[in-house]
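A.B. asks: fold the following for me, if possible:
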Amino acid sequence: MQCKMMRTRVLMYSLLIATATGLGACTRTIQSTETSIPGAAASVRADAPDAIGAVTGKAAVDGFLKAVKAQDLQTMSAIWGTTKGAARDQMKRDDLEKRLIIMQCTLTHDTWAFLEDRPRLQTGGRQEFQLELVQAQRSAKTSILTVSGPGGRWFVEDIDLLPLKEFCR
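C.D. replies: Numbering: from 1, shown residues only. Got it, this is the predicted structure:
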């Protein structure tokens with residue numbers, strides 16, 4: 001139940017931010033989420049260039065934020081997911097891209113840093129990372145929740161976007 005509420009929170013904040021700021025403010029050149037890997041699954045090797053997820057929760061956060069900075073929706077879609085795997089394998093493409101664009105806009109940053117050396121452990125083996133993102137003269141603290149999925153790969157499951165609402169302008 002708590003997990004479902006967290007996923008709902010990301011969607012709710014995403015829709016709230018999109019309504020409040022308008023998606024026009026987030027228009028950027030981005031890469032597509034289209035993938036040539038039909039039904040990419042957990043059998044993908046950890047060292048393969050097209051691997052989904054990450055080897056650790058911390059690596060998932062790092063890879064996701066690097067993809068945000070590079071405006072790479074395809075990589076974001078390979079790292080965002082649940083215990084079932086990458087979101088791109090569980091959602092309709094249109095819905096996936098809309099959510100990723102909102103997250104990309106909201107998480108746009110110049111620099112970021114982990115605020116704690118270790119993640120906070122949550123129910124179901126999830127790991128919550130405390131972060132600070134900096135964008136121009138703004139800074140905000142937020143949290144990102146990661147979860148282990150198929151094949152022991154880690155995915156970004158939930159992001160507290162509310163503290164970052166001023167980032168998407």
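
A.B. asks: any stretches of the protein with poor pLDDT?
C.D. replies: Residues of the chain meeting the criterion pLDDT under 70: 1-50, 169.

A.B. asks: now the helices for it?
C.D. replies: Here the chain has its helices, by DSSP state H, at 2-21, 57-69, 73-79, 93-107.

A.B. asks: surely L133 touches I144?
C.D. replies: No: counting by CB atoms under 8 Å, L133 stays clear of I144, with 10.2 Å between them. In this view, the C-beta of every residue, glycine as well, is placed from N, C-alpha and C.

A.B. asks: so what's I79 up against?
C.D. replies: Contacts for I79 were tallied using CB atoms under 8 Å, 6 or more residues apart in numbering; they are 52-54, 60, 63-64, 67, 86, 155-156.

A.B. asks: restricted to buried residues, select those residues in PyMOL.
C.D. replies: Buried members of the contacts of I79, defined by 16 or more other CB atoms under 10 Å, are picked up in PyMOL with:
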select buried, resi 52+53+54+60+63+64+67+86+155+156
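
A.B. asks: longest strand in the protein, by residue count?
C.D. replies: strand 138-148 (DSSP state E).

A.B. asks: okay, buried residues for that strand please.
C.D. replies: For strand 138-148, burial by neighbour count (16+ other CB under 10 Å) applies to 139-140, 142-148.

A.B. asks: one step back: just the contacts of I79 now: which is nearest W112?
C.D. replies: F64 (10.6 Å; CB to CB).

A.B. asks: got the contact list for the closest one?
C.D. replies: 76, 79-80, 144, 156.

A.B. asks: in TSV: the residues you listed, plus distance to W112.
C.D. replies: As requested, the contacts of F64 are arranged in TSV below (distance: CB to CB, whole Å):
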residue	distance to W112
M76	15
I79	15
W80	17
I144	10
V156	13
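
A.B. asks: looking at these, which two lie furthest apart in space?
C.D. replies: M76 and I144 (12.5 Å).

A.B. asks: can I assume G63 is in contact with A70?
C.D. replies: No: under the criterion of CB under 8 Å, G63 makes no contact with A70, lying 10.5 Å away.
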